[in-house]
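Trainee: pasting the sequence and the predicted model now:
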Number of protein chains: 2
Amino acid sequence: MKRHFDQELESLKTTLIKMGSVAEEAVALAIRALLERDGELARSVAEGDQRINSLEIEIDNAIIDLLALRQPVAVDLRFILAAQKINNDLERIGDHAVNIAECAERISVHKPLKPFIDIPSMAEVAMGMLKNALDSFVRRDTELARAVIQKDDVLDEKNKSIIRELLTYMAESPSLISYSLECISVSKNLERVGDLATNIAEDTIYVAQAKLVKHHAAEIS
Amino acid sequence: MKRHFDQELESLKTTLIKMGSVAEEAVALAIRALLERDGELARSVAEGDQRINSLEIEIDNAIIDLLALRQPVAVDLRFILAAQKINNDLERIGDHAVNIAECAERISVHKPLKPFIDIPSMAEVAMGMLKNALDSFVRRDTELARAVIQKDDVLDEKNKSIIRELLTYMAESPSLISYSLECISVSKNLERVGDLATNIAEDTIYVAQAKLVKHHAAEIS
């Protein structure tokens, strides 16, 4: 019974990791579509989002079954509740990737007007945060999780500076308004990806700490 | 034992309803601050958000205790899982209220430039959706929940038409760019409030359907 339960937990973790890499890839594709002005690639992101949505339902159902049939407690319960939150966060990251891809598609039909300012570097930070958040969850690495959380301020600062720069563009040349609005939207979506990566890092710490509490309780019992 | 459990479920529901009205009030206040250009009122929304955040933690802890100590199954488990999702949705609605209030605060220091176009009417639709979603959850009224879900298209349409109109403003008079960007942000935040109200309505149906399934099972057993 216990062995089956462990296998079910392991399988939940594996599905979550799979969903994490699909979400990561969606963001990377959306950014590549933007930078390379590739409308077709942009459209493929929205199609790929179906996969994230089915994985979300699969994980939701696995969690209901685990709670109903195994009635877990302590660290296992915390892991399952964290998995539910991360499931939700990854689904939202998928939505942000679609939003970015939609901006990319609209921009791709216009002739290049301006470079993408600091967006490539911002994307790199956001994608790095997401990758590290998922790695920290897989390895239960709280130090890496804390590094992700600290990085969020850098991302917020980049977002603000990009928006300031785009506002100047818009004021100087009204013909750049639509283009600049799309870039502002991309920047805000990347900032939200960073927030969600931060949530995942926080959940990693929550699970790890529950483990510590459990170990401590075992010591004193 | 069973009676205690029912009381705990009832108490979870009560706290959730309280959080719902605080979130509803936060959105209403933010919109009033915007329309009346009242910077002080706008700042009070961010302060009130603390209350939403403490209620979120209170509900999260109640859910962990219920799952760990009572090990609920069937409709009770579904109710608790829906409560966790609604808890998350309400917390995000609180964040959107704060975003709107921040726009309101920045706009309040400028002299009135333009009316708020269709934003008051959009706010009315979004707040109506939120109110009805919470009512449908309290009364387990799936018909009302379905009406909320249908209303979401109206809100999306309003959002698009507001953004189109603001783009025209910006193109015609660059001095309106900052103002228009704030209004676009308000409009997008209201659209997200509608999405989250739709989530709550969907969860209401999910809980109610589980109840139906349960009743059906009782009939055939």
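Mentor: Noted; the coordinates are in hand. Numbers count the residues shown, from 1 in each chain, chains lettered A, B, ... in the order given.

Trainee: list the residues that contact A:L12.
Mentor: Taking Cβ atoms under 8 Å, 6 or more residues apart in numbering or on different chains, we find A:L12 in contact with A:59, A:62-63, A:66, A:80, A:83. Bear in mind the C-beta positions are built from the backbone N, C-alpha and C, glycine included.

Trainee: restrict these to those near chain B?
Mentor: A:I63 (Cβ under 8 Å from any Cβ of the partner chain).

Trainee: just give the closest residue to the residue nearest to the spatial centre of chain A, not the sequence neighbours.
Mentor: In chain A, the centroid-proximal residue (Cα atoms, centre = their mean) is A:I93; its distance is 4.3 Å. Counting by Cβ to Cβ, 6 or more residues apart in numbering or on different chains, A:I93 lies nearest to A:A23, which is 4.5 Å off, once chain neighbours are set aside.

Trainee: narrow the contacts of A:L12 to those in helices?
Mentor: Those of the contacts of A:L12 mapping onto helices are A:59, A:62-63, A:80, A:83, per DSSP state H.

Trainee: got phi/psi on A:D141?
Mentor: Dihedral angles of A:D141 (phi, psi; degrees, to the nearest 10) stand at phi -100, psi 100.

Trainee: count of residues packed around it?
Mentor: Counted by other Cβ atoms under 10 Å in any protein chain shown, the residues lying close to A:D141 total 17.

Trainee: number of nearby residues for the residue nearest to it when sequence neighbours are not counted?
Mentor: Among residues not flanking A:D141 along the chain, A:D135 sits closest, at 6.9 Å (Cβ to Cβ, 6+ apart). Neighbours of A:D135 under the rule other Cβ under 10 Å: 16.

Trainee: contact residues of chain A facing chain B?
Mentor: Residues of chain A lying near chain B (Cβ under 8 Å from any Cβ): A:63-64, A:67-68, A:71, A:73-74, A:77-78, A:81, A:84-85, A:88, A:167, A:170-171, A:174, A:177-178, A:181, A:184.

Trainee: just the buried ones from those?
Mentor: Among the residues of chain A next to chain B, those classed as buried by 16 or more other Cβ atoms under 10 Å in any protein chain shown are A:63, A:67-68, A:71, A:77-78, A:81, A:84-85, A:88, A:170-171, A:174, A:177-178, A:181, A:184.

Trainee: in chain A, which ranges drop under the pLDDT threshold?
Mentor: Counting by pLDDT under 70, chain A shows low-confidence ranges at A:1, A:111-114, A:210-221.

Trainee: residue of it closest to chain B, please.
Mentor: A:Q71 (3.8 Å; Cβ to the nearest Cβ).

Trainee: for that residue, give its distance to B:V125.
Mentor: Per Cβ to Cβ, to the nearest Å, A:Q71 is found 42 Å from B:V125.

Trainee: just A:L69 next, same as before
Mentor: On the measure of Cβ to Cβ, A:L69 and B:V125 end up 42 Å apart.

Trainee: which one of the two has more residues nearby?
Mentor: B:V125 (21 against 12).

Trainee: and for the more buried one, nearest residue in space, chain neighbours not counted?
Mentor: Nearest to B:V125 is B:L155, by Cβ to Cβ, 6+ apart, at 5.3 Å.

Trainee: is A:E56 in a helix, a strand, or coil?
Mentor: helix (DSSP: H, G, I helix; E, B strand; the rest coil).

Trainee: with adjacent residues omitted, what lies nearest to it?
Mentor: A:E91 (4.5 Å).

Trainee: what helix or strand does A:R92 sit in?
Mentor: helix A:74-108 (DSSP states H and E).

Trainee: cool, and A:L16?
Mentor: Secondary structure from DSSP H and E places A:L16 in helix A:2-35.

Trainee: residues near the closest residue to A:A28 other than its chain neighbours, how many?
Mentor: Of all residues not flanking A:A28 in the chain, A:M127 sits nearest, at 6.1 Å (Cβ to Cβ, 6+ apart). Look at A:M127: counted by other Cβ under 10 Å, it has 18 neighbours.

Trainee: how about A:E165?
Mentor: 15.

Trainee: just the one 3 residues further on next, same as before
Mentor: The local packing count at A:T168 equals 12, with neighbours defined by other Cβ under 10 Å.

Trainee: also A:L155?
Mentor: Residues near A:L155, counting by other Cβ under 10 Å: 23.

Trainee: check which element follows the one helix or strand it maps to along the chain.
Mentor: A:L155 is part of helix A:142-172, with elements assigned from DSSP H and E. Under the assignment DSSP H and E, the closest C-terminal helix or strand after helix A:142-172 is helix A:177-220.

Trainee: and the gap between A:A101 and B:L90?
Mentor: From A:A101 to B:L90 the distance is 29 Å (Cβ to Cβ).

Trainee: and those two? Which one has more around it.
Mentor: The neighbour comparison of A:A101 against B:L90 (other Cβ under 10 Å) goes to A:A101, with 30 against 26.

Trainee: next up, the contacts around that one.
Mentor: A:29-30, A:33-34, A:42-43, A:45-46.

Trainee: what do you get if the cut-off is 6 Å, keeping everything else the same?
Mentor: Contact analysis of A:A101 by Cβ atoms under 6 Å, 6 or more residues apart in numbering or on different chains lists A:30, A:33, A:42, A:45.

Trainee: setting aside sequence neighbours, what's the nearest residue to it?
Mentor: A:V45 (3.6 Å).

Trainee: which residues does the one you found contact?
Mentor: A:26, A:29-30, A:97-98, A:101.
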